[in-house]
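Engineer: After the sequence you'll find the predicted model.
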Amino acid sequence: MSANVGTPESFRSRTLDVSPSPEPTIDSTTRIKFTWVYVIVLCSAMGLALVAAANNASFHGLNYDNALSLFFLGLACIFGPAALRVLMRDVDRRERLILVVTLGAALYVVKILGSPSAFTFNDEYIHLRNTLDILRTHHLFQLNPLLPTASYYPGLAAVTTGLVDLTGLSIFVCGLLVIGAARIIISACFFLVAEKMTSSALVAAAASLIYAANPMFLFWSASFSYEDLALPLAAFVVWWLGRTQDRTALGSKGRLTPIVAVVPIVAVAVTHHVSGFALTALLGVWWLAEWFTKQPTARRRCVGLMFLISGSASLIWFFFVARPAASYLVGGNIVPAVQQTGSMVLHQSKSRQLFSGGPKIPEWFMLAGFAAFGILLIALPFGLYRAWNLLRSRKIRARYGSSAGYAPIAVAMAIAIVFPFSQLPRFTSAAGALASRSSEYIFTGLGCVLALFAAQITRRQHGAPRRCSTRPKFSTWCRTLVVAGMVTTVFLGDVTVGTTYSQVLRESSHPAGDPWTVQPDVINGSEWARVHLGVNRHFAANFIDSFALATYGEQDTISGDNVWPIFLEDTLNGTVVHVIRAAKVSYIFVDWQMTEGPPPASLGYYVSPYEPSTGGFQALPSIALRKFAASPCARLVYASGPIQIFDVARIENGSCVPSAAGTAQGKRRSP
Amino acid sequence: MRPGRSQALLGSCVTSAVTVLAANVAAPQALRIGLGVAMVFVLPGFAAVCAVLPRRELSLGECLLASLGISLAISVCMSVLLAATPIGLTRNSLAAVLGGSTIIVSIYAWRRTPRATGQRSRS
């Protein structure tokens, strides 16, 4: 091989691990070794069994720390062997692809094992409400009290409703099927796009592993949420255009190919705002790259046309259909995030302590998160250096026959550079979620750049000292093992970064304090309200219970920001009466579990982040909830377990004015 | 020649027609599940892939991926479109639109599929 140094062929086989064919038929001379596939599937099954056991233990109230250890052992069983195999040399590209998709599917099952019977994530209730509305009315754009913007992006809800209609299955099962299909699409498309970019199945596999190690991949990206459908469809557009681009250049014979791409582009635009804009930006950069590198006109036109369609569809939908989206995105998320991050950087405000809130978190949990971040941060300069060397070399030009191959790597580098800065908002209270969610996008570029470095490590260097063994095969194997171990560490560590300690596993069936998931009593109360009070009544409830009321109860819950004094004041005083009237509250949903413990660690509040004394007391004083029963103006209409529903319509319409003194029942407990 | 493709397109047409029928009668739940899943996740995309790439330019895995992705995208667009119109998104309307369009695209794809003798496609 040394005799070929400097020729394109040597570059393909030695540096990028590719075949001589311009199409990515990498490792096509090898065969799929199904023994390995079976072994890894078996390991994944064992890992899933461990994860299931851990969730079961947590659900039955056994020791949480022990269950969590079991959970991470299970994750390691799923991720580790698959990572090791796909990073090995001389593995068929189809085998790598199969294992990457299998890994994506197995990690999706992990999420299902955590919520085996119903949606439990906060965002899932938002889209569950959308789906219920479309099922009930057969039409779009009903008011969604949980997130008004979401009802204007109805792609996920509409397709789930369609599947429910056609199959007769429950919304939960249909939602799992839709998001499961999306998971397969993104796992496969990311691999194939990365392979096309780097011309190496090994690099593509490493990139896929690193992408799967992003903090959101395990739980957030597997939830019933619009982004988790839109992002895979966007990845599909990129793959489809790249795969059929040469056919488009054929003229009339390939004229239909781009038309097919229009459908997923429109689907992305009507499903999720940020994904639509991200896809547009990517297509724009792609078109510019084709233009600057003087690609054939037909290819340029195709990508340019798709860029225009994507941009038009996203912008038209955003500004003319989804009107609340602009204020939600800009005013509700981006501006506060930028402001808080800016003031933190300028030392005008204190930074948030990471891993804070809730019960005492074990040190290993925090260390794992820092280790993951540290590995990524240390590897990033090497990855960038490796990518920069590729850009500077003439090998890409030799590989692609033009300079077009520079663009994808340059774009990946630009995205990867953003990674350290994207972590800054984590130190603020308002922008932490934004930093977490951006990782789904940033890890696309970061994965490709770090994968170049990872692939370089796994390859034995000519003339380099053989540290592990004098035998070259063993040396290569050692390097592969180290890289697989590092990627697995990043994956496990990022699980701790992306998920609150107390929420990694299922909540106990009998939670000790205020629960962080909707409880059966709350569901029963919500369903009772739907049957006996009718739908779309104005309810005030705490943050978690409002999800159940809006979905199982189909009620119009009022934002906690507007009604929190109702729950926190000791008496039905003038403030409470004013809030009830101003917010037009007809019913109050009282959950006595709030008096059993502090608010959920992931929230830090019961009703609204604006409520005072957040984190300042161990539990909500019971006097704050006793005041309703003591007032003749509030009528108890439902009571079961810890749940009470009070009709306060008379206070709302002014026909009854409660006496503050009459509702003071006892003294407030000291915090 | 692409052995099996014509038969697959025929199967796609038949399944789509059965889906439309099943939406209008009391079909067994298992049948509805099978037809519904195929209709949302596989058939429209498969027909579209066969229509735009009649010469088997994708591998089997790529064809499956393309069918899944395009089917899901078509289902999203059709569902949103139906729900946005006065027709409304119902079992009957969705089955008719998805099934009808799949049948039409399948017939078009069949016409474009090269024959056994290897002659050029008709379109």
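Structural biologist: That came through fine. Since the model is a prediction, treat every value here as computed from it, not as a measurement. Numbers count the residues shown, from 1 in each chain, chains lettered A, B, ... in the order given.
Engineer: How about the residues of the stretch 51-200 of chain A by chain B?
Structural biologist: A:94, A:97, A:134, A:137-140, A:154-156, A:158-159, A:161-163, A:165-169, A:177-178, A:181-182, A:184-185, A:188-189, A:192 (CB under 8 Å from any CB of the partner chain). Glycine gets a C-beta too; all of them are placed from N, C-alpha and C.
Engineer: What subset of those residues is buried?
Structural biologist: Among these, those buried by neighbour count (16 or more other CB atoms under 10 Å in any protein chain shown) are A:94, A:97, A:134, A:138-140, A:154-156, A:158-159, A:161-163, A:165-169, A:177-178, A:181-182, A:184-185, A:188-189, A:192.
Engineer: Just the ones in helices from those residues, please.
Structural biologist: Of those, the ones assigned to helices by DSSP state H are A:94, A:97, A:134, A:155-156, A:158-159, A:161-163, A:165-167, A:177-178, A:181-182, A:184-185, A:188-189, A:192.
Engineer: Where does the prediction get shaky in the stretch 551-671 of chain A?
Structural biologist: Low-confidence segments of the stretch 551-671 of chain A (pLDDT under 70): A:613-617, A:660-671.
Engineer: show me where it has strands.
Structural biologist: A:556-557, A:587-591, A:635-640, A:643-647 (DSSP state E, counting those that start in this stretch).
Engineer: Which of these sits closest to chain B?
Structural biologist: Among those, strand A:556-557 comes nearest to chain B, with 20.6 Å by CB to the nearest CB.
Engineer: Residue A:406 is in contact with residue A:197, correct?
Structural biologist: No: Residue A:197 sits out of contact with residue A:406 when judged by CB atoms under 8 Å, with a separation of 10.7 Å.
Engineer: which of these two has more neighbours?
Structural biologist: Each of residue A:197 and residue A:406 has its neighbours counted (other CB atoms under 10 Å in any protein chain shown); residue A:197 has more, 21 against 18.
Engineer: what's near enough to touch that one?
Structural biologist: Residue A:197 makes contact with A:204, A:408-409, A:412, A:448 under the criterion CB atoms under 8 Å, 6 or more residues apart in numbering or on different chains.
Engineer: In terms of model confidence, name the weakest of these.
Structural biologist: The lowest pLDDT within the contacts of residue A:197 belongs to residue A:408, with 82.
Engineer: so it is in which element?
Structural biologist: Per DSSP states H and E, residue A:408 falls inside helix A:406-422.
Engineer: how about low-confidence regions in chain B?
Structural biologist: Applying pLDDT under 70 to chain B picks out residues B:1-3, B:115-123.
Engineer: Go again with 80.
Structural biologist: Within chain B, the segments meeting pLDDT under 80 span B:1-3, B:56, B:114-123.
Engineer: what about the helices in it?
Structural biologist: For chain B, helices defined by DSSP H occupy the ranges B:5-24, B:29-41, B:43-52, B:60-84, B:91-112.
Engineer: can you check the stretch 551-671 of chain A too?
Structural biologist: A:560-568, A:574-582, A:623-630, A:649-652 (DSSP state H, counting those that start in this stretch).
Engineer: Check the stretch 401-550 of chain A too.
Structural biologist: A:406-422, A:432-458, A:472-498, A:520-533, A:543-551.
Engineer: Of those, flag the one that's most buried.
Structural biologist: Looking across the helices of the stretch 401-550 of chain A with neighbours counted as mean count of other CB atoms under 10 Å in any protein chain shown, the highest average goes to helix A:543-551: a mean of 27.
Engineer: and that one, C-alpha only, in PDB?
Structural biologist: Taking C-alpha atoms only, helix A:543-551 is exported to PDB below (Å, rounded to 0.1, in the frame of the first residue of the first chain):
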ATOM      1  CA  PHE A 543     -48.500  22.000  36.000                       C
ATOM      2  CA  ILE A 544     -48.500  18.200  35.800                       C
ATOM      3  CA  ASP A 545     -52.200  17.700  36.400                       C
ATOM      4  CA  SER A 546     -53.100  20.200  33.600                       C
ATOM      5  CA  PHE A 547     -51.700  17.700  31.100                       C
ATOM      6  CA  ALA A 548     -54.200  15.100  32.200                       C
ATOM      7  CA  LEU A 549     -57.000  17.600  32.300                       C
ATOM      8  CA  ALA A 550     -56.300  18.800  28.800                       C
ATOM      9  CA  THR A 551     -56.000  15.300  27.300                       C
END
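Engineer: gap between it and the chain center?
Structural biologist: 21 Å (CA atoms, centre = their mean, to the nearest Å).
Engineer: That helix relative to strand A:587-591, how many degrees between them?
Structural biologist: 130 degrees (axes from the mean of the first three to the mean of the last three CA atoms, to 10 degrees).
Engineer: what packs against helix A:543-551?
Structural biologist: Counting by 3 or more CB pairs under 8 Å, 6 or more residues apart in numbering or on different chains; DSSP states H and E, the packing neighbours recorded for helix A:543-551 are helix A:122-137, helix A:520-533, strand A:556-557, strand A:587-591.
Engineer: Which helix or strand lies directly C-terminal to the helix or strand of chain A with the lowest mean pLDDT?
Structural biologist: Using mean pLDDT, DSSP states H and E, the weakest-scoring helix or strand in chain A turns out to be helix A:8-10, at a mean of 37. Next helix or strand after helix A:8-10 toward the C-terminus (DSSP H and E): helix A:34-59.
Engineer: Skip ahead from that next one and say which helix or strand is next.
Structural biologist: Next along from helix A:34-59, by DSSP H and E: helix A:64-86.
Engineer: most packed of the helices of chain B?
Structural biologist: The highest average neighbour count among those, using mean count of other CB under 10 Å, belongs to helix B:43-52 at a mean of 27.
Engineer: ok, residues contacting it?
Structural biologist: With contact meaning CB under 8 Å, 6+ apart, helix B:43-52 is reached by A:244, A:256-257, A:259-260, A:263, B:5, B:8-9, B:12, B:15-16, B:58, B:63, B:66-75, B:98, B:101-102, B:105-106, B:108-110, B:112-113.
Engineer: same deal with stretch A:523-531?
Structural biologist: With contact meaning CB under 8 Å, 6+ apart, stretch A:523-531 is reached by A:537, A:539, A:545, A:548-549, A:551-555, A:587, A:589, A:638, A:640, A:643, A:645.
Engineer: Buried ones among the residues you listed?
Structural biologist: Of the contacts of stretch A:523-531, these count as buried by 16+ other CB under 10 Å: A:537, A:539, A:545, A:548-549, A:551-555, A:587, A:589, A:638, A:643, A:645.
Engineer: correct me, but residue A:210 touches residue A:447?
Structural biologist: Yes: judged on CB under 8 Å, residue A:210 makes contact with residue A:447 at a distance of 3.8 Å.
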